[in-house]
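Q: Any chance you can model this:
(chains A, B and C)
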Amino acid sequence: MNVAGPSFAETFVGQLVIVTSILMLLLNLVPLLIWLERRLLALWQDRYGPNRVGPFGLLQPIADMIKIFMKEDWIPPFADKVVFVVAPVVVVFTGLMAFAVVPFTPGIVIANLNVGLLFFLAMSSMGVYSVALAGWASNNKYSLLGGLRASAQMLGYEVFMGLSLMGVVMLAGSFNLREIVEAQRGMWFCIPQFPGLIMFLIAGVAETHRVPFDLPEAESELVAGFHAEYSGMKFGMFFLGEYLGITLISAITVTLFFGGWLGPWLPPVVWFALKTGVFVCGFILLRAALPRMRYDQLIGFAWKTMLPLSLLNVLITGAVMLATK
Amino acid sequence: MLSMLRTLWIVFRHAFRRRVTYQYPEQPVPLPPRWRGRIILTRDPDGGERCVACHLCAVACPVDCIALQATEDEHGRRYPEFFRINFSRCIFCGYCEEACPTYAIQLIPDFEMGEYNRQNLVYEKEHLLIDGPGKYAGYNYYRVAGVSIGGKGKGEAENEAPPVDVRSLQL
Amino acid sequence: MATIYVDNKPYVVNEGRNLLQVCLSLGFNLPYFCWHPALGSVGACRQCAVKQFKDEKDKRGKIVMACMTPAAEGVRIAVDDEEARQFRETVIEWLMANHPHDCPVCDEGGECHLQDMTVMTGHNYRKYRFPKRTYQNQYLGPFINHEMNRCIQCYRCVRFYQDYAGGQDLGVFAAHDRVYFGRHKDGVLENEFSGNLVELCPTGVFTDKTLKGHYTRAWDLQTAPSVCVHCGVGCNTTPGERYGLLRRIHNRFNHDVNGYFLCDRGRYGYEFVNGERRVRTPLLKRDGALGPVTRAEALTEIGKVLSGPAVLLGIGSPRASIESNFALRELVGPDRFYDGVSARERQLLSAMLSTLRAPGVHSPSLREVGEADAVFVLGENLAEVAPMIALQVRQAVYRSTVPMGERLGIPAWHDSAIREAIQGRHGPLYLATVTGDKLADVATRSWCAAPDDLARLGFAVAHCIDPTAPSVSDLSEELPGLAKEIAGALRSAQRPLIVSGPSCGSLAVVQAAANVAISLSAAGAQHAALCYDAPECNSFGPALLDGHGLDEALQAAKSGSVYAAIVLENDLYRRADRAAVDAFLEGAEQVVVIDHTVHDTTKRADVVLPAATFAEGDGTLVNNEGRAQRFVQVFKAQGDVQESWRWLGELSRTAPSNGAWQNLDHICTRIAETAPALGEIARVAPAATARFLAQRIPRQAHRYSGRTAIGAHVNVHEPALPEDPDSPMAFSMEGFPSTCSSALTSAYWAPGWNSVQALNKFQAEVGGPLRVGNAGVRLWEVAEGHDHKYFEVIPPAFQSREKEHLAVPLHHIFGSEELSVLSPSVAERAPASYVAVNFRDAEALQITDGENVQLVLDGIPYRLPVRILPDLPSGVVGLPSGLPEMSWVKLPGWGKIVKEVPA
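A: Got it, this is the predicted structure:
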């Protein structure tokens, strides 16, 4: 874009600063999100939530973090030790990697890939390895069931998640996320691609194993499922991964359907953060309001309803594009 | 699908409702009179210990946190030599109160018993015994029972006939 | 066998039983009070109502009492009938109309048959508004507490006390709704079985007074199967512990031994376990005084001598377990193991043992004693030395009259009718004792004489039965007739029984009894039995280990050799002459005493190791019948108290020896290898590794309370459960409450049956043996054949001397036994020391009852008050044996009575 020479953002040092600050931002965002979730859940349940540690209980996540770091790092003697340790790392790793392609502003993006969207899809589906491996390595029947459910769920929802985004790609004519945002200057894609948006959101919730699609951990039936055997910071990593996932899905939703950083008056980064925040709150509202789905309903819903619908969406989008060209 | 959206809306509206949490300890907690809190031992209206050391509370206790030993005074009145409740085990289920045939053991609306040292949660009789009758103010077990104690001989309890004279010729 | 129909279902049952027994055996929950398997039916309480139908078509039926109706072929009854059920509920309601509101303060609560039956019938609300009847209580002595208000007039107490146990001083007074069960006035219940009223009374009228002193509910007691240690009969007991104190002894049913009952010595002698005279830590003599030391110090001190040049002498004990005696024998070697009884007792024991183990002589179990139909008691005051044998003899003479009633068409279980029919008659029982016996009221003939004369009677009886037996010359005038009568009764009996023993200290008596048994066997009696009572709980145990005599050990002091002594659970001053024991203990380089109680010998010891009592350790005892029985540890004693065999095992490890055992099973295996006579010992109870459904057997009831509060005042963090390496039982309420092995079952419980009557549910037939068999293993059975020789030495007739009297030991149920007398309640019943004199002798000596005299025995004067005993033969005086204040005297022995001249 800038033909005069590389901007600061494009220099090596600039890249390093961006990478580091995004990493720091994301990692620090998670405790904040935990606090936010607890406060919001409390708000919607007519309670206060954590309000004793620091102002408005803001230091509660710090206290929790200290606690979780101090806990005994326990590996069950019957577990597959290597895989057991690797599994939580995978979820954090893939979650963070996916953020590399998210354009926070026109200037702030770590890797402006041409196939950014595909990269995101690839990374988010890699996340299921973590869950499946954790469930298997725990050598516990509930964990294994959790892992199995996660795999089956991922298969179903990954398919139509990709398909639901094809409409956006067709409208923007690019897999590059920055270009997709730029393509929304006239109209956010949430309007022409409303069915795609809904489908993506549903898939996104499933992707992050959040209520009402949290079947892999399902406390009431699987006693925490795949992470039943985890404690301490390894359990913390799963937590980290979950909240990174929420943020990621929210950020991608904003990027793909709500014009990313676009918006009047305020600086682009603020617009991006605001829009993302709204979706994060939406995730929490889902948890506050909805009960967990039944497993067969969940899988049937993916394959029998969402998959045909997303194909139909691609078809109609294509047809309309052909017709208007 | 619509019902889900409606649910979301209803839950969202709760953001503007008043909160029901009591801000304990700044705000006192209103406790109902039948609240099952700290356990006490009461006295009968005459001021005697109500507990007759029958061991029923101990056997009813699902966590086995009550231990006692029975003893008797010189007139045959039975009372606990020691009475110990390990509150670090107590689950405040109230079975002891239900089992008590003399209304001696009672659970009261007080739960502020936290301790930094677990050992301090072991209560002995001197910690448990109060000076009043608590609930059921008029009840006095030994006035109903058939055993004789100091100040109450055979046949002097409520609704009792005088002792049979085995040697009388009355047929 | 007969087929009866209960609720329209056919059942095949034993004919000749009553319907109640049959229904209970079939598992029906039919309430009852007055009936008891050992007492039979009387039909007093009207509780066991069922409806009986004439035939299949009969729909109305009539209500009958199950306990009074025979289970004949084709009887049709309904237990689950609305009218019968209501009848039973109403009966309970009547009983409860006057029952006081006492359960919380009643000692029976939680194991109360009345509670169980009330719940079973469904009565739960007292409708009767009028005043309750009350009674005054009586003082009944140190054993029994009386609370008459609670009585439901079932008559079990007097039926047991008078009819079963032969007591005279408990009766029924007044009439209709004012019936009173008690004594004619306050006073001690004299019968030696009064303690059984505690278990027999279906409610809390008679309760255990010693338990009341440290009351604990039945469900809070930690129990284990145990064996009574207070005489040689070996009754099975269930001791209960709470907070580290032994709280009570209950009967443990063993069909072959004690059945449902215990004597008062066995029931109340337990308090020595809690006594202040217990040794709780190792003691070491420093500067002439014993003081507590750590176990390491004590063991080091002993180890010094063990590795030194001194010859180690081990003195065993008849009141220590076989395992402990054996461990001692292993430590010191068989050549230097002494069995720890006086020379005379050793002689008697070995004579008894060799007779019992000879072919043709059957040593009966206690149950078989009760089944005899002619009994000859020679020399033993059974009620004082072995009360449970006396109780069974009493049953034997009653039961042998039952056929009389049966000839009149009265079934055997119909107790009241049988007793009415026989009008106080009883079977043949001949008592030949030194002094009058409590069995005299049911004896056909009883005869008191000096021990030698008793023996002569025995020899004469044997000669009458079998002319090849040695004959007795110049019998005094009355004897030939008596001997002929006894011989006739024994010969004509199906199951004749001779009871004798060592208590009058005469070898001739023991041999004479043996001759009678041999002669019966020679004359072809199939089921003749010879029952010797043994003086102590394990008298036969050390004898089977072939120890040497104590006197040989005492000789060591005179031989001048260097020796050290280990004394195992034995007070030598009760076994031998004071001077000899003093010399022996002083001459030893070191005296180690392993015992649980302080006595004169421990006071002279250099090191005392604290031994476990029967309640705190495991071991095996051999009773008078030759039955080896295991007692299992009831609770872990605090401190260093442990079984003697464990101490000896530790000592073996400090010295170069082969005692490598760690637990009871190891040592039992070793005993079986080394001592062939005790080869069966490992079979006595399941090994410690045995599991039932992969679990241990809990010692605590499933309702055991206070687990998390018992020790909380010391430390709120609960300690780990103690391990038990010696038995498959756990010190816990968790596990499989097994009734798989009667040797490991101490408590019986079934849903709805919390009282001792829960036992019904575990017997093949109510009143019969346990389904899993009876505990204990007989070490020998009677061998076929008859090659036993008669004893030929017949003592001359007793000649009274001019200036001297023959002093014989007189035993007392309360007082003569070393351990039980340490219990305060038993001590209260123990007599003060005295010298018993026949009134003719008293006249000749011009002494009166209660007067103090001097009795000079072996040159030692004893100052004692006189007690006139009319039954005592002339020329014989009696001295109470084993009383704490009396020192050891060689009895029988000639002594001189000197009248005290007032100063």
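
Q: Mind listing what's buried along the longest strand belonging to chain C?
A: If each strand of chain C is counted by residues according to DSSP state E, the longest one is strand C:860-868. Neighbour-count burial for strand C:860-868 flags C:862, C:864, C:866-868 (criterion: 16 or more other CB atoms under 10 Å in any protein chain shown). C-beta: built from backbone N, CA, C; applies to glycine.

Q: Run through who's touching that strand.
A: The contact list for strand C:860-868 (CB atoms under 8 Å, 6 or more residues apart in numbering or on different chains) reads C:832-839, C:842, C:847-856, C:879, C:886, C:889, C:898, C:900.

Q: Quick one: mark the members of the residues you listed that sit in strands.
A: Using DSSP E, C:835-837, C:852-856, C:879, C:898 are the members of those that sit in strands.

Q: sec struct for C:Ala512, please.
A: What DSSP: H, G, I helix; E, B strand; the rest coil gives for C:Ala512 is helix.

Q: Against C:Ala462, how distant is it?
A: 7 Å (CB to CB, to the nearest Å).

Q: if we can go back for a sec, export the longest strand of chain C as CSV, just CAs?
A: Extracted in CSV, the C-alpha atoms of strand C:860-868 (Å, rounded to 0.1, in the frame of the first residue of the first chain):
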residue,chain,number,x,y,z
ILE,C,860,3.2,-71.2,110.1
PRO,C,861,0.4,-69.7,112.1
TYR,C,862,-2.6,-68.2,110.4
ARG,C,863,-5.0,-66.1,112.5
LEU,C,864,-8.5,-66.7,111.1
PRO,C,865,-12.1,-66.3,112.2
VAL,C,866,-14.0,-69.6,112.5
ARG,C,867,-16.9,-70.5,110.3
ILE,C,868,-19.0,-73.5,111.3
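
Q: Give me the sheet partners of it and which way each runs.
A: When sheet partners are counted by DSSP bridges, strand C:860-868 sits next to strand C:835-837 (parallel), strand C:852-857 (antiparallel).

Q: Can you tell me which of the ones you listed is most buried?
A: Among the strands paired with strand C:860-868, strand C:835-837 has the highest mean neighbour count (mean count of other CB atoms under 10 Å in any protein chain shown), at a mean of 25.

Q: Rounded mean pLDDT for it, please.
A: Strand C:835-837 carries an average pLDDT of 92.

Q: What about residue 94, how many residues nearby?
A: The chain I'm using is chain A. When neighbours are counted by other CB atoms under 10 Å in any protein chain shown, A:Thr94 registers 22.

Q: Switch to chain C, please.
A: 13.

Q: now it, what's its secondary structure?
A: C:Trp94 ends up helix, using three-state DSSP.

Q: Quick check: which element contains the residue in chain B that chain A sits nearest to?
A: Using CB to the nearest CB, the single residue of chain B nearest to chain A is B:Val11, 3.9 Å away. Assigned by DSSP states H and E, B:Val11 falls within helix B:2-13.

Q: What's the first helix or strand after that helix?
A: Once helix B:2-13 ends, the next helix or strand along the chain (criterion: DSSP H and E) is strand B:39-41.

Q: How about that following strand and chain C, touching?
A: No. Interface with chain C: strand B:39-41 contributes nothing (CB under 8 Å from any CB of the partner chain), its closest point being 12.0 Å away.

Q: That strand - what's its average pLDDT?
A: Strand B:39-41 shows a mean pLDDT of 95.

Q: Next up, phi/psi of the closest residue to C:Arg699 other than its chain neighbours, please.
A: Excluding the flanking residues, the one nearest C:Arg699 by CB to CB, 6 or more residues apart in numbering or on different chains is C:Gln222, at 4.9 Å. Reported as degrees, to the nearest 10, the phi and psi values for C:Gln222 are phi -90, psi 120.

Q: Verify the stated contact: C:Gln222 with C:Tyr704.
A: Yes. Judged on CB atoms under 8 Å, C:Gln222 makes contact with C:Tyr704 at a distance of 7.5 Å.

Q: which of the two has more neighbours?
A: Comparing C:Gln222 with C:Tyr704 by other CB under 10 Å, the one with more neighbours is C:Gln222, at 26 against 22.

Q: And the pLDDT for the residue nearest to C:Arg699?
A: Reading off the model, C:Gln222 has pLDDT 94.

Q: can you check the one 10 residues further on too?
A: We note a pLDDT of 92 for C:Gly232 in this prediction.

Q: Could you report the distance from it to C:Pro318?
A: C:Gly232 is 9 Å from C:Pro318, by CB to CB.

Q: do C:His811 as well
A: Applying CB to CB to C:His811 and C:Pro318 gives a distance of 16 Å.

Q: what about those two, which has more around it?
A: Using other CB under 10 Å, the more surrounded residue of C:His811 and C:Pro318 is C:Pro318, with 27 against 22.

Q: Can you verify C:Leu530 is assigned to a helix?
A: No. Counting by three-state DSSP, C:Leu530 is not found in a helix; it is strand.

Q: can you count the residues close to it?
A: Neighbour count for C:Leu530, taken as other CB under 10 Å: 27.

Q: For it, name its beta-bridge partners.
A: In this entry, C:Leu530 is beta-bridged to C:Ile498, by DSSP bridges.

Q: what's near enough to touch it?
A: Per CB under 8 Å, 6+ apart, neighbours of C:Leu530: C:355-356, C:361-364, C:497-498, C:500, C:513-514, C:516-517.

Q: Could you identify the least confident member of those?
A: Looking at these by pLDDT, the weakest one is C:Val361, with 86.

Q: Got the confidence number for C:Ser705?
A: Reported pLDDT for C:Ser705: 93.

Q: So the nearest residue to A:Arg292 once chain neighbours are set aside versus chain C, what's the distance?
A: Nearest non-adjacent residue to A:Arg292, counting by CB to CB, 6+ apart: A:Pro212, 5.3 Å away. Taking CB to the nearest CB, to the nearest Å as the measure, A:Pro212 and chain C are separated by 42 Å.

Q: part of a helix, is A:Pro212?
A: No. The assignment for A:Pro212 (three-state DSSP) gives coil, which keeps it out of a helix.

Q: Quick check: A:Met306 touching A:Phe160?
A: Yes. Counting by CB under 8 Å, A:Phe160 is a contact partner of A:Met306 at 4.5 Å.

Q: ok so, going back, can you pull the contacts of the residue nearest to C:Arg699?
A: C:Gln222 makes contact with C:240-242, C:634-635, C:699-700, C:704, C:731, according to CB under 8 Å, 6+ apart.

Q: related to what we said a few turns ago, average pLDDT for the longest strand of chain C?
A: Mean predicted confidence for strand C:860-868 is 89.

Q: returning to what we had before: shared neighbours, C:Gly232 and C:Pro318?
A: Residues touching both C:Gly232 and C:Pro318 (CB under 8 Å, 6+ apart) are C:535-537, C:539.

Q: how many other residues sit next to A:Cys190?
A: When neighbours are defined as other CB under 10 Å, A:Cys190 has 18 of them.

Q: Now do the domain split for chain C, please.
A: Using automatic domain parsing, the domains assigned to chain C come out as C:2-80, C:355-532, C:805-899.

Q: looking at these, which is closest to B:Tyr103?
A: domain C:2-80 (30.7 Å; CB to CB).

Q: any idea which strand is longest in chain B?
A: strand B:78-86.

Q: Buried by neighbour count: which residues of stretch B:79-92 qualify?
A: Using 16+ other CB under 10 Å as the test for burial, stretch B:79-92 gives B:79-80, B:83-90.

Q: likewise stretch A:172-187?
A: Under the neighbour-count criterion of 16+ other CB under 10 Å, stretch A:172-187 has A:172, A:174-178, A:180-184 buried.

Q: May I see those residues organised as TSV, with pLDDT and secondary structure added?
A: Converted to TSV, those look like this (pLDDT from 0 to 100; DSSP: H, G, I helix; E, B strand; the rest coil):
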residue	pLDDT	secondary structure
A:Ala172	81	helix
A:Ser174	82	coil
A:Phe175	83	coil
A:Asn176	83	coil
A:Leu177	81	helix
A:Arg178	80	helix
A:Ile180	81	helix
A:Val181	81	helix
A:Glu182	79	helix
A:Ala183	79	coil
A:Gln184	81	coil
